[in-house]
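1. got a structure for you, letters missing:
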């Protein structure tokens with residue numbers, strides 16, 4: 001994915017004048033960098049943290065059309081999201097997986113079952129895929145969602161959607177952008193921009209947070225794709241006035257043994273009727289989300305006690321026989337949605353459509369969804385071309401992302417193939433396939449001894465050889481990059497991540513050359529970051 005010296009090469013290349021300087025390393029910024037680089041534009045991306053360290057690693061991890069948007073008659077974004085979901089499923093089987101959803105409706109619900117049934121029929125019409133919605137019997141419900149209450153059950157509707165690891169998807173987009181020539185520079189904070197007499201931004205000043213050096217970049221168009229930090233970046237260019245009103249979404253991680261569901265389940269909150277999702281993943285069950293306007297700092301969103309209890313009440317109402325309480329929760333995290341301020345009183349009613357606007361030499365992109373990153377990026381680069389000098393814009397080719405597969409392309413049965421052909425333990429093979437894609441074929445080449453292909457500990461599918469692969473090709477600069485956004489053990493099983501630290505220390509010494517003092521700093525920083533992914537980090 002990323003070559004070993006990717007960051008040094010990016011810094012050395014800053015002497016050229018860029019067509020686009022993209023600010024923000026989430027899914028939108030990385031998508032813009034990919035689209036622009038493919039069109040032949042000289043492109044650099046600046047990200048203050050790690051790739052996907054903001055909202056793009058804290059989402060519901062759904063690649064979906066969004067039934068809620070359909071109910072709100074947001075037809076454009078629903079149609080667009082369905083189209084982009086289907087495209088991602090076709091092009092990137094290593095990153096996006098199909099999933100079935102179960103939507104039980106009950107007699108007396110605020111929205112009757114027939115309306116949901118009709119809405120799902122409309123949903124079917126927006127896709128060319130063969131999977132259509134249908135109904136399950138009570139016995140079939142018990143088989144795929146053991147313990148789900150069937151009291152007053154009207155209809156048990158099921159339909160098709162998709163899911164992905166959001167951080168891994170974003171990293172693959174960034175790696176593909178780099179492969180097409182974009183310079184990617186994470187851990188680099190934008191400080192300010194300067195303008196010429198025509199009020200066009202010509203120079204950006206940034207700080208390399210790894211070396212501490214100040215960097216000056218020359219560019220023709222600056223694209224602000226910083227998500228919930230959009231207004232912060234605008235202020236650094238001297239532009240005032242809020243455009244966003246971020247909302248917070250909280251998710252819980254529940255162990256599969258406590259909730260062994262085979263399909264994703266949509267359930268209404270008993271508090272307000274709002275739909276929440278229980279989504280099975282190989283690592284556990286992801287449960288969310290809340291939707292509350294967020295106040296305060298943007299950098300470290302945390303769940304609140306009220307949001308945790310809101311979700312647990314919904315789980316208990318739907319699965320009354322399960323002992324689900326705070327002691328059942330493996331992890332908890334919060335993310336902020338970059339929602340445009342439409343003055344909607346309820347954030348759930350606010351539009352998720354993107355907006356692209358130009359002001360005083362900077363092009364800002366905000367709003368949108370994980371699913372629609374490619375279409376948003378295409379629109380943003382189209383807008384940027386209108387701002388480029390004619391001698392540069394006329395050289396750009398047409399958008400090619402509709403047919404572009406992302407880095408690491410591999411078939412969905414890669415795990416079993418690795419186990420059979422390389423002799424890996426099935427769990428190690430499945431984990432490496434899920435997290436590395438085609439790079440997993442390199443594990444035997446990275447292993448210095450047989451033990452490097454075995455799990456680091458009994459409770460994990462992570463091997464030393466896989467860690468070597470992430471360090472070499474995964475743009476890992478720090479321990480939290482590895483554990484929170486590459487292998488994601490910090491998200492799914494925070495306690496296990498802490499348990500693995502002693503075993504990881506010699507592996508990182510060999511793979512990254514970290515001495516004792518470097519490890520101590522990394523471990524301390526990681527422990528602080530990990531708190532935000534546990535109930536220990538809950539506020540209020």
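-> Good, I have the coordinates. Treat the numbers as computed from the prediction; the structure is a model and nothing was measured. Numbering: from 1, shown residues only.

2. what bridges to residue 356?
-> residue 365 (DSSP bridges).

3. which residue ranges of the stretch 401-540 of the chain form helices?
-> 414-422, 426-436, 443-446, 464-473, 479-480, 489-492, 494-512, 516-530 (DSSP state H, counting those that start in this stretch).

4. export those to JSON lines and tack on distance to residue 398 and mean neighbour count?
-> Just so you know, the C-beta spots here come from the backbone N, C-alpha and C atoms, and that holds for glycine as well. Shown next, in JSON lines, are these (distance: least, C-beta to C-beta, whole Å; neighbours: other C-beta atoms under 10 Å):
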{"stretch": "helix 414-422", "distance to residue 398": "32", "mean neighbour count": "17"}
{"stretch": "helix 426-436", "distance to residue 398": "32", "mean neighbour count": "22"}
{"stretch": "helix 443-446", "distance to residue 398": "38", "mean neighbour count": "16"}
{"stretch": "helix 464-473", "distance to residue 398": "30", "mean neighbour count": "24"}
{"stretch": "helix 479-480", "distance to residue 398": "39", "mean neighbour count": "25"}
{"stretch": "helix 489-492", "distance to residue 398": "38", "mean neighbour count": "24"}
{"stretch": "helix 494-512", "distance to residue 398": "41", "mean neighbour count": "18"}
{"stretch": "helix 516-530", "distance to residue 398": "41", "mean neighbour count": "15"}
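
5. got those as a markdown table, with mean pLDDT columns?
-> A markdown table is the format used below for these (pLDDT from 0 to 100):
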| stretch | mean pLDDT |
| --- | --- |
| helix 414-422 | 97 |
| helix 426-436 | 98 |
| helix 443-446 | 96 |
| helix 464-473 | 98 |
| helix 479-480 | 98 |
| helix 489-492 | 98 |
| helix 494-512 | 97 |
| helix 516-530 | 98 |
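
6. for stretch 94-105, give the mean pLDDT please.
-> Stretch 94-105 shows a mean pLDDT of 97.

7. for it, list every residue counted as buried.
-> By 16 or more other C-beta atoms under 10 Å, the buried positions in stretch 94-105 come out as 94, 95, 96, 97, 99, 100, 101, 102, 103, 104, 105.

8. and the helix or strand bottoming out on mean pLDDT in the chain, how far from the chain's centre?
-> In the chain, no helix or strand scores lower on mean pLDDT, DSSP states H and E than helix 67-71, which sits at a mean of 71. Centre-to-centre, helix 67-71 and its host chain are 21 Å apart (C-alpha atoms, centre = their mean, to the nearest Å).

9. return the member of the buried residues of stretch 94-105 nearest to residue 176.
-> Nearest to residue 176 out of those is residue 95 (C-beta to C-beta; 10.9 Å).

10. contacting residues for that closest one?
-> 88, 164, 165, 168, 169, 172, 406, 408, 437 (C-beta atoms under 8 Å, 6 or more residues apart in numbering).

11. now pLDDT too, for those residues, in CSV please.
-> As requested, the contacts of residue 95 are exported to CSV (pLDDT from 0 to 100):
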residue, pLDDT
88, 97
164, 98
165, 98
168, 98
169, 98
172, 98
406, 98
408, 97
437, 98
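
12. looking at those, spot the one nearest residue 416.
-> Closest to residue 416, out of all of these and judged by C-beta to C-beta, is residue 437, at 14.8 Å.

13. was I right about the closest one contacting residue 411?
-> No. Using C-beta atoms under 8 Å, residue 437 makes no contact with residue 411, being 10.0 Å away.

14. higher neighbour count, those two?
-> residue 437 (23 against 13; other C-beta atoms under 10 Å).

15. pLDDT weak spots in the stretch 51-200 of the chain?
-> Scanning the stretch 51-200 of the chain for pLDDT under 70 picks out 70, 72-73, 197.

16. can you give me the strands in it?
-> Assigned by DSSP state E, counting those that start in this stretch, the strands in the stretch 51-200 of the chain fall at 62-63, 96-106, 134-136, 153-164, 183-185, 188-195.

17. turn the ones you listed into JSON lines, including distance to residue 271.
-> Formatted as JSON lines, these follow (distance: least, C-beta to C-beta, whole Å):
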{"stretch": "strand 62-63", "distance to residue 271": "22"}
{"stretch": "strand 96-106", "distance to residue 271": "16"}
{"stretch": "strand 134-136", "distance to residue 271": "26"}
{"stretch": "strand 153-164", "distance to residue 271": "21"}
{"stretch": "strand 183-185", "distance to residue 271": "43"}
{"stretch": "strand 188-195", "distance to residue 271": "40"}
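
18. before we move on, which element is the nearest residue to residue 189 once chain neighbours are set aside in?
-> Leaving out its chain neighbours, the residue that sits closest to residue 189 by C-beta to C-beta, 6 or more residues apart in numbering is residue 48, at 4.3 Å. For residue 48, there is no enclosing helix or strand under DSSP states H and E.

19. buried stuff in stretch 285-301?
-> For stretch 285-301, by 16+ other C-beta under 10 Å, it's 285, 286, 287, 288, 289, 290, 291, 292, 293, 294, 298, 301.

20. separation between the residue most central in space within the chain and residue 371?
-> Here the mean C-alpha position of the chain is nearest to the C-alpha of residue 166 (C-alpha atoms, centre = their mean), at a distance of 2.4 Å. Taking C-beta to C-beta, to the nearest Å as the measure, residue 166 falls 10 Å from residue 371.

21. correct me, but residue 410 touches residue 434?
-> No. Between residue 410 and residue 434 there is no contact under C-beta under 8 Å: 10.0 Å.

22. circling back: which of the buried residues of stretch 285-301 sits closest to residue 15?
-> For the buried residues of stretch 285-301, the nearest to residue 15 is residue 298 (32.3 Å; C-beta to C-beta).

23. ok, the closest one - contacts?
-> By C-beta under 8 Å, 6+ apart, the neighbours of residue 298 are 228, 229, 232, 246, 336.

24. that one and residue 344, how far apart?
-> Distance, residue 298 to residue 344, by C-beta to C-beta: 20 Å.

25. related to what we said a few turns ago, need the max-distance pair from the buried residues of stretch 94-105.
-> 94 and 105 (34.8 Å).

26. who's in contact with residue 499?
-> Residue 499 neighbours (C-beta under 8 Å, 6+ apart): 457, 459.

27. actually residue 464, sorry about that
-> So residue 464 contacts 447, 451, 452, 453, 456, 507 (C-beta under 8 Å, 6+ apart).

28. not counting its neighbours along the chain, what's nearest the residue nearest to the centre of the chain?
-> Nearest one to residue 166, counting by C-beta to C-beta, 6+ apart, is residue 59 at 4.7 Å.

29. please report how far the residue nearest to residue 501 when sequence neighbours are not counted lies from residue 479.
-> Spatial nearest neighbour of residue 501, excluding adjacent residues (C-beta to C-beta, 6+ apart): residue 523 at 6.1 Å. From residue 523 across to residue 479, the span is 7 Å (C-beta to C-beta).

30. select, out of the strands of the stretch 51-200 of the chain, the one closest to residue 364.
-> strand 188-195 (12.7 Å).

31. now do that closest one: everything it contacts.
-> With C-beta under 8 Å, 6+ apart as the test, strand 188-195 has contacts from 23, 46-48, 201-209, 214-215, 222, 233, 236-237, 360-362.
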